[in-house]
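[1] output the structure for:
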Amino acid sequence: MLFVAPLHAALSVGQIYALNFVDVDGRTLSTADGHVSVVVLATPVDSEKPRAVGDRTPGYCLGNPTYRMITVLNFTRKYTGFGRKIATMLVRRRLDQEAKRLQPRYDAKKITHNARGDLFAVADFDGTVSSQLGGQPGAADFRVFVFGKDGKLRRRWDNVPAANELAAVLK
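    Got it, this is the predicted structure:
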């Protein structure tokens with residue numbers, strides 16, 4: 001059963017959601033495309049919270065193509081076309097920095113590919129993606145969702161989950 005969430009509705013654990021995103025690198029992603037997806041909804045000022053979620057993700061997920069984390073950045077103020085380009089460039093730069101921070105963990109685990117290819121961020125300038133995740137336009141919502149390979153919502157949190165809680169849902 002495929003369920004499409006109405007705008008601004010809270011997502012329900014156990015329901016299937018095929019939510020589609022395009023990240024800042026132009027890659028199309030979905031919550032129902034065969035990956036276990038951790039989706040983090042945050043604002044740009046919340047940058048430490050998505051990092052904390054990533055740091056609490058179990059080591060077996062690192063570099064594993066079955067798992068991925070997608071950060072959705074809800075830009076709560078309006079940007080012009082030029083402003084969007086600059087903001088997107090800054091998001092990409094931040095991903096490059098995070099990849100450099102993450103690469104030693106890849107090297108230690110003998111993961112041979114570059115960490116940057118495993119980092120996904122969606123810049124939500126108009127609130128479309130955030131509203132699919134139950135956020136309000138212009139709101140500073142922070143949420144963490146774990147979707148199974150088929151898009152089934154396994155769990156959601158309104159704050160950074162504890163490492164053991166996240167690990168239990170990702171198994």
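[2] what about residue 88, how many neighbours?
    18 (other Cβ atoms under 10 Å). For the C-beta atoms, the positions are set from N, CA and C on the backbone; glycine is no exception.
[3] also the one 10 residues further on?
    Applying the criterion other Cβ under 10 Å, we find 19 residues in the vicinity of residue 98.
[4] before we move on, what about residue 43?
    21.
[5] ok, now which ones touch it?
    Taking Cβ atoms under 8 Å, 6 or more residues apart in numbering, we find residue 43 in contact with 73-76, 140-142.
[6] got the end-to-end distance for stretch 33-46?
    Terminal residues of stretch 33-46 are spaced 27 Å apart (Cα to Cα, to the nearest Å).
[7] just the buried positions in it, please.
    For stretch 33-46, burial by neighbour count (16 or more other Cβ atoms under 10 Å) applies to 35-43, 46.
[8] out of those, list just those in strands.
    Counting by DSSP state E, the buried residues of stretch 33-46 place 36-42 in strands.
[9] what segments of the chain are strands?
    Under DSSP E, the chain gives strands at 20-22, 28-30, 36-42, 67-74, 120-124, 143-147, 153-157.
[10] buried residues, the fifth one. List them.
    For strand 120-124, the neighbour count (16+ other Cβ under 10 Å) marks 120-124 as buried.
[11] the contacts of residue 43: which two are farthest apart?
    Spatial extent of the contacts of residue 43 (Cβ to Cβ) is set by the pair 75 and 142 at 14.2 Å.
[12] nearest residue to the residue most central in space within the chain other than its sequence neighbours?
    By Cα atoms, centre = their mean, the mean C-alpha position of the chain lies nearest to residue 70, the distance being 2.2 Å. Leaving aside its sequence neighbours, residue 70 sits nearest to residue 120 (Cβ to Cβ, 6 or more residues apart in numbering; 4.4 Å).
[13] show the contacting residues for that neighbour.
    23, 25, 27, 29, 68-71.
[14] tell me where the model's unsure across the protein.
    Applying pLDDT under 70 to the chain flags the ranges 1-9, 137-139.
[15] please enumerate the helices of it.
    48-56, 81-108, 128-132, 163-170 (DSSP state H).
[16] deepest in the core, which of the ones you listed is it.
    Among these, ranked by average contacts under mean count of other Cβ atoms under 10 Å, first place goes to helix 128-132 (a mean of 21).
[17] that helix - contacts with which helices or strands?
    strand 67-74 (3 or more Cβ pairs under 8 Å, 6 or more residues apart in numbering; DSSP states H and E).
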